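> next come a sequence and a model predicted from it.
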Amino acid sequence: MPLQGDQRLQEVANDIMVPPVFSVQSGWTLDDMSQVTVTRGPTTFVISVRFSDVERTAWGRNYLQRIGRLPSDDIDNTDNATSEPSQGGSELLLSRCSPLMLKLAPTVSIQGLPVEVLCSSPTYRLELLSTGAVEDDGVQIVGAENLTYEPSHDLSPLPILELPAPCAGILRVPASTLTLATADGQADPRAAGSSQGKVQAADGLAMYFKPRFAGRETQFEREAHVLGRIAELGLHSNQTNRLSRLVGIVTTGKFGEQVAGILLAFIVTGPGGGDCLRRAVQARTEMHEEWKAQVGETVKKLHAHQLVWGDVNAGNVVIDESSNAWVIDFGGLNNPEFVDDELAETEEGDWLGVHRLFDEWLPSPTLSL
């Protein structure tokens with residue numbers, strides 16, 4: 001079976017050498033086929049090779065040797081089954097297709113593009129086949145003429161009629177009016193190639209775009225529901241309730257009939273701010289108790305309205321430019337380093353997470369960025 005997208009993205013991105021002009025999204029190997037999905041700017045390439053189609057070619061034999069899948073008349077493939085594309089094999093596959101992909105995708109970055117581009121991106125499905133000739137490497141790439149437009153960067157739009165009820169009164173913002181600026185280091189220096197992060201509205205106002213990602217649909221719906229309820233209850237009217245503030249539903253489609261993500265008020269951080277994974281935040285030990293108290297008051301207010309934070313962890317407390325602590329991310333689930341699995345998405349779990357974050361983890365952080 002192919003590995004899940006998130007798992008393969010992490011493994012492939014970390015473990016194989018890929019030309020820097022491409023970003024690996026996923027990859028897998030089955031009994032007789034390998035596939036890798038990469039992006040360049042807003043363009044997606046799904047590259048596949050069926051072993052039986054290329055095993056008699058010079059390129060194919062080299063490729064199959066690298067991944068431990070020699071032609072069927074040379075070796076029993078059942079002893080070489082793997083769901084992970086090898087490092088050398090993936091490099092060879094991408095290198096063979098790189099010249100064509102560079103030609104088809106001249107735009108190298110998503111920065112400065114409208115969010116709408118990610119909702120309807122150029123997508124090519126390329127396949128390597130034998131040419132039937134012995135010259136060169138014996139393979140050809142087909143599929144360049146079949147261009148489709150699909151969501152990219154793992155976006156998974158939701159029909160607007162399926163939005164949680166508390167979002168009914170939230171402003172609709174067309175994706176075409178928002179410009180991606182996620183590479184802005186003030187938002188998150190780790191997000192240069194990400195579709196999630198800082199965006200700029202038509203009036204120049206900075207906001208935070210959180211897409212609905214494939215594989216995280218349930219988490220998106222939970223967060224939209226909780227943020228919608230926070231807005232309904234007017235919890236932001238009290239400035240001591242420092243919570244993510246839902247300011248818009250990002251729509252796409254000809255009639256705005258689908259939801260690409262949610263739009264949040266942008267939290268401005270200074271040199272000593274950001275989430276609790278930042279060294280600058282961790283070093284401000286004199287502020288830790290105050291931040292714990294601020295987060296505790298916010299959690300009390302949530303619980304008073306039957307709302308649970310859920311995913312308490314070091315990345316979900318953000319320190320703003322005024323040195324105040326904000327509670328973010330209401331997608332649920334849990335990080336077992338902070339909240340035990342059996343207490344996930346419970347009030348007790350929230351308090352356990354706050355204790356572990358401020359009393360145990362922050363004094364001796366296990367990760368710093």
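Yep, it's here. Because the structure is a prediction, the values reported are computed rather than measured. Numbering: from 1, shown residues only.

> dump the residue contacts of residue 289.
Residues in contact with residue 289 (CB atoms under 8 Å, 6 or more residues apart in numbering) are residue 358. Quick note: C-beta positions are derived from backbone N, CA and C, even for glycine.

> state the distance from it to residue 358.
Look at residue 289 and residue 358: by CB to CB, to the nearest Å, they are 8 Å apart.

> same question, residue 344
Distance, residue 344 to residue 358, by CB to CB: 19 Å.

> ok, those two, which is more surrounded?
residue 358 (21 against 17; other CB atoms under 10 Å).

> next, the buried residues of stretch 129-144.
129-130, 137-141, 143 (16 or more other CB atoms under 10 Å).

> neighbours of residue 123, just the number please.
Per other CB under 10 Å, the neighbour tally for residue 123 reads 19.

> what is the end-to-end distance of stretch 164-177?
Length of stretch 164-177, first residue to last, CA to CA, to the nearest Å: 23 Å.

> how many neighbours does residue 367 have?
Residue 367 has 11 neighbours, counted by other CB under 10 Å.

> swap that for residue 256, sorry
Look at residue 256: counted by other CB under 10 Å, it has 16 neighbours.

> quick check: pLDDT value at it.
With respect to pLDDT, residue 256 scores 96.

> ditto for residue 347
We have a pLDDT of 98 for residue 347.

> contact partners for it?
Residue 347 touches 303, 308, counting by CB under 8 Å, 6+ apart.

> where is pLDDT lowest across the buried residues of stretch 129-144?
For those, the pLDDT minimum is residue 137, 88.

> CSV please, covering the buried residues of stretch 129-144 and showing distance to residue 27 and secondary structure.
CSV is the format used below for the buried residues of stretch 129-144 (distance: CB to CB, whole Å; DSSP: H, G, I helix; E, B strand; the rest coil):
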residue, distance to residue 27, secondary structure
129, 19, strand
130, 22, strand
137, 21, coil
138, 23, coil
139, 19, strand
140, 21, strand
141, 17, strand
143, 17, coil
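
> possible to save the residues you listed as TSV with distance to residue 254?
Formatted as TSV, the buried residues of stretch 129-144 follow (distance: CB to CB, whole Å):
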residue	distance to residue 254
129	36
130	42
137	44
138	45
139	40
140	37
141	33
143	27
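
> out of those, which one sits closest to residue 101?
residue 141 (9.3 Å; CB to CB).

> residue 58 contacts residue 137, correct?
Yes: the criterion here is CB atoms under 8 Å, and residue 58 meets it with residue 137 at 5.1 Å.
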